[in-house]
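Student: Next comes the sequence, and after it the predicted model I'd like to discuss.
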Amino acid sequence: MREYVVAILGATGAVGQRLISELEQANIPVKQVKLLASKRSAGKKLQFKGREITVEEATPESFTGVDLVLSSAGGAVSQKLLPEAVKRGAVCVDNTSAFRMDDDVPLIIPGVNDEQLAHHHGIIANPNCSTIQMVAALYPIFQRFGLSQIIVSTYQAVSGAGKAAWDEMLQQAQDLLNGQQPQAQILPTGADRKHYPLAFNLLPQIDVFENDGYTHEEWKMIHETKKILFNDQDSSQIKVTATCVRVPVEIGHGETVYFVVKDHAASVKAIQQIITQTAGLVLQDDPSKQLYPQPLQAAGKRETFVGRIRADEENAGAFHMWVVADNLLRGAASNTVEIAECLVRDNLVRVPQD
């Protein structure tokens, strides 16, 4: 049986540490693990299966002899280092937006479109966390009844913006409770001119604004969904629109999803049954018992939780549902490692030669 040398790029970050944990439990024969991070983090000690490993500074030479790279170190780092890893024979699964919209890079959710892995050229992209949970919940409905339109509003946890934003929100909350003025230096996005506190607040901006008034996060959800479902980021086969909001929750994105099916034989009961029968989805949908998904309950779990399924009484063939998942785990580390498992399963841990 082939064993793999696996490198985790961005190992000391919130997602990176979850990648380590997920890899420990994965169905991947691991010969050696290399933990890579910035020069600032080099020298730190982390554990893999009870063994202490020293974090190394990530350089192009770090990938010599590596078979698989699991990356979550930021888009700029991925753009710089992952092509170098591929040159050295490694197959990379990237958790940033750096390569998602490249035509020759598969954008994968296992169980949805992992057949596209056969066409990789050394880099595979992990979708945006908010896209993953929405498409995972909708895909079995899409398979059974077809979809013509999706309208999604997200309620995204602060951890999706990184540890510094997370820490800042907690400090803001403490300041407000102490009657002090909160300071904001990071959100909605560090790249923009103004910053606002998130504690006890809502920010209807995630990432920068595009010229059409949508944020880049909203743009990603729209075009990633089309690429995953139809292998075409600009597909006209489905209408998708999004509004993305940052909320003062630590872990766990929530989404209200309005969708229109093509087959009007669909019903709430049939959709609930489909969700129940789909691996990786958990139905929590009983209004009589106030049962519905919540971020606090989803945190630390790999599954996507679905509830509040109901027919739209004003529009035939339209339905609503509420979707929640751990954005660091289901929306990042778990999906990344599942992609790696698919690569191993299908003997695709090799860089195709042109």
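Tutor: Received the coordinates, thanks.

Student: Please, where are all the helices along the stretch 201-350 of the chain?
Tutor: For the stretch 201-350 of the chain, applying DSSP state H, counting those that start in this stretch gives helices covering 216-230, 268-277, 295-298, 334-345.

Student: With respect to Pro188, which of those helices lies nearest?
Tutor: Ranking the helices of the stretch 201-350 of the chain by proximity to Pro188 (CB to CB) places helix 216-230 first, at 9.7 Å. Bear in mind the C-beta positions are built from the backbone N, C-alpha and C, glycine included.

Student: what comes up buried for the closest one?
Tutor: Applying a neighbour-count criterion of 16 or more other CB atoms under 10 Å, one finds 216-229 buried in helix 216-230.

Student: Which other helices and strands does that helix contact?
Tutor: The elements that helix 216-230 packs onto, with contact taken as 3 or more CB pairs under 8 Å, 6 or more residues apart in numbering; DSSP states H and E, are helix 129-145, strand 147-156, strand 239-246.

Student: Out of the ones you listed, which is closest to Glu338?
Tutor: Per CB to CB, nearest to Glu338 of those: helix 129-145, 10.3 Å.

Student: mind showing which ranges of this structure have poor pLDDT?
Tutor: Per-residue confidence of the chain (counting by pLDDT under 70) places the weak regions at 354.

Student: middle-most residue in it, spatially?
Tutor: Centroid-nearest residue in the chain, with CA atoms, centre = their mean: Cys129, separated by 2.4 Å.

Student: do you know how far it is from Phe200?
Tutor: In this structure, Cys129 and Phe200 are separated by 23 Å, where distance is defined by CB to CB, to the nearest Å.

Student: what residues go with each domain of this protein?
Tutor: 4-127+332-345, 131-327 (automatic domain parsing).

Student: Dump those into JSON lines; add distance to Pro352 as well.
Tutor: As requested, those are exported to JSON lines (distance: least, CB to CB, whole Å):
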{"stretch": "domain 4-127+332-345", "distance to Pro352": "6"}
{"stretch": "domain 131-327", "distance to Pro352": "18"}
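
Student: most tightly surrounded among these?
Tutor: When neighbours are counted by mean count of other CB atoms under 10 Å, the highest per-stretch mean among these falls to domain 4-127+332-345, a mean of 20.

Student: Using CSV, lay out the helices of the stretch 201-350 of the chain together with distance to Val249.
Tutor: As requested, the helices of the stretch 201-350 of the chain are exported to CSV (distance: least, CB to CB, whole Å):
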stretch, distance to Val249
helix 216-230, 16
helix 268-277, 23
helix 295-298, 5
helix 334-345, 19
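
Student: so which of the domains of the chain comes closest to Val351?
Tutor: domain 4-127+332-345 (4.4 Å).

Student: Run the chain-centre distance for that closest one.
Tutor: Offset of domain 4-127+332-345 from its chain centre (CA atoms, centre = their mean, to the nearest Å): 14 Å.

Student: End to end on that domain, go ahead and measure it.
Tutor: Distances were taken as CA to CA, to the nearest Å; on that basis the terminal residues of domain 4-127+332-345 are 12 Å apart.

Student: Then stretch 37-54?
Tutor: 11 Å.

Student: and what of stretch 36-52?
Tutor: End-to-end distance for stretch 36-52, by CA to CA: 14 Å.

Student: Which secondary structure elements does the helix or strand containing Leu19 sit against?
Tutor: Element membership of Leu19, judged by DSSP states H and E, is helix 14-25. In this structure, helix 14-25 makes packing contacts with strand 4-9, strand 30-37, strand 45-48, helix 334-345, judged by 3+ CB pairs under 8 Å, 6+ apart.

Student: Now do the shortest one: everything it contacts.
Tutor: Contacts to strand 45-48, defined as CB atoms under 8 Å, 6 or more residues apart in numbering, come from residues 11-12, 17, 20, 23-24, 33, 35, 52-55.

Student: And stretch 292-312, by the same measure?
Tutor: Contact partners of stretch 292-312, identified using CB under 8 Å, 6+ apart, comprise 132-133, 136-137, 157, 249-254, 258, 267-268, 271-272, 275, 280-285, 287, 291, 318-326, 329-330, 334.

Student: what about the strands in the stretch 51-200 of the chain?
Tutor: Chain-ordered strands for the stretch 51-200 of the chain, with DSSP state E, counting those that start in this stretch as the definition, fall at 51-54, 56-57, 68-71, 91-94, 123-125, 147-156.
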